[in-house]
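1. The following comprises the amino acid sequence and a computationally predicted model.
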Amino acid sequence: MKKKYIYPILLCVMSCMSCSDMLDIPKDGRIPFEDIFKDRHKTRGYLNSCFAQTEDIRPDFDFASYCDEAQNAEVVRPGRPYSRWYGGQATSTWFPVPTAGIWDNMYEGIRKCNVFLANIDEATIIASEEEINKWKAQAFTLRALYFWELIKRYGGGPIVLNEIPIGSDLSGYKRATFNECVKVIMNDCDSALAMPTRHFPYYNGSQTTGMMTKAVCHAIKSQAILYAVSPQWNDGTYSWNDAAKITKTAVDSLSANYELYNRAPAADVAQNSYALFHISTADV
């Protein structure tokens, strides 16, 4: 009689062992962090995630509704941020200006770039040196862009260029000066421009829309140093001569590939080239 129960018992034990193994596998698609930079596609996927915060800095002409530049039809709709703003409902805890989340979002982008740059050199077993250099150029430019978008809105902020483990003590991060942050931006742009890769061009082709380029680096450098030498931020770190040199390098470097947008629109489409540009898609 006992033999009749051997197989069911074995099946039960094997089933429990199998269930135990299955329970060790995350059900939400997560993978161990150390596996990311051992796989080419996962590495590229992580770099792609570094681009996510660029969505938060796109020009948004709805902003004009908050000032006297334009009147937006959305203003008259009850409950819209614009109508609540004009109704005097803004408080210390509720502020409807759309750029209010930029601080968090830009530091999230910086954190991702920091993680990528700190680990990408481990990916030599799954990608060529050329490809790794191309990825680094993207990450350096993105980090410079995020720092720039931060400081032009808020002034100097904490400079974070390393991975910060969860649970770390953040009290040691102090607000840097505007020009200390500009130095970081310049260094990141220069690092990107110096990357020995053929795949970091001055402009994007049809297959690389949205990627960082040498043109973006030059534009960031020129804008940042022009702010740095303005009466608002000039502390002697940079001079107008420095700004002139950097901006001239930018103009000279880009003159072969870029020109002013001067496409004439049809009379029933837009008033002028400026208006046409802002109602056209980015790849026109």
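-> Here it is on my side, so go on.

2. if I look at Asp188, how far off is Ile102?
-> When distance is defined by Cβ to Cβ, to the nearest Å, Asp188 is 19 Å away from Ile102. Yep, even glycine has a C-beta here, placed from its N, CA and C like the rest.

3. Compare those two (neighbour count), which wins?
-> In this comparison of Asp188 against Ile102, neighbours counted by other Cβ atoms under 10 Å, the higher total goes to Asp188 at 26 against 18.

4. does the more buried one really touch Thr141, like I thought?
-> Yes. If you go by Cβ atoms under 8 Å, Asp188 and Thr141 touch, sitting 7.1 Å apart.

5. Helices of the stretch 1-150 of the chain, start to end?
-> Taking DSSP state H, counting those that start in this stretch as the criterion, the stretch 1-150 of the chain contains helices spanning 6-23, 40-49, 81-86, 102-119, 129-154.

6. Please work out which of these is packed deepest.
-> The highest average neighbour count among the helices of the stretch 1-150 of the chain, using mean count of other Cβ atoms under 10 Å, belongs to helix 129-154 at a mean of 21.

7. Report the distance from that helix to the chain centre.
-> Put simply, helix 129-154 sits 7 Å off its chain's centre (Cα atoms, centre = their mean, to the nearest Å).

8. Show the average pLDDT along it.
-> Confidence for helix 129-154, expressed as mean pLDDT, is 95.

9. and after it, which helix or strand comes next?
-> Note on helix 129-154: by DSSP states H and E, the next helix or strand toward the C-terminus is helix 178-193.

10. helices or strands next to that next one in the packing?
-> Contact analysis of helix 178-193 by 3 or more Cβ pairs under 8 Å, 6 or more residues apart in numbering; DSSP states H and E lists helix 129-154, helix 214-228 as its packing neighbours.

11. Columns distance to Asp252 on top of these, output as a markdown table?
-> Putting these into a markdown table (distance: least, Cβ to Cβ, whole Å) gives the following:
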| stretch | distance to Asp252 |
| --- | --- |
| helix 129-154 | 19 |
| helix 214-228 | 9 |
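
12. how about those, which one is nearest Tyr86?
-> Tyr86 sits nearest to helix 129-154 of all the helices and strands packed on helix 178-193, at 22.5 Å, using Cβ to Cβ.

13. how big is the angle separating the closest one from helix 102-119?
-> Following axes from the mean of the first three to the mean of the last three Cα atoms, to 10 degrees, one obtains 160 degrees for the angle between helix 129-154 and helix 102-119.

14. Many thanks, have a good one.
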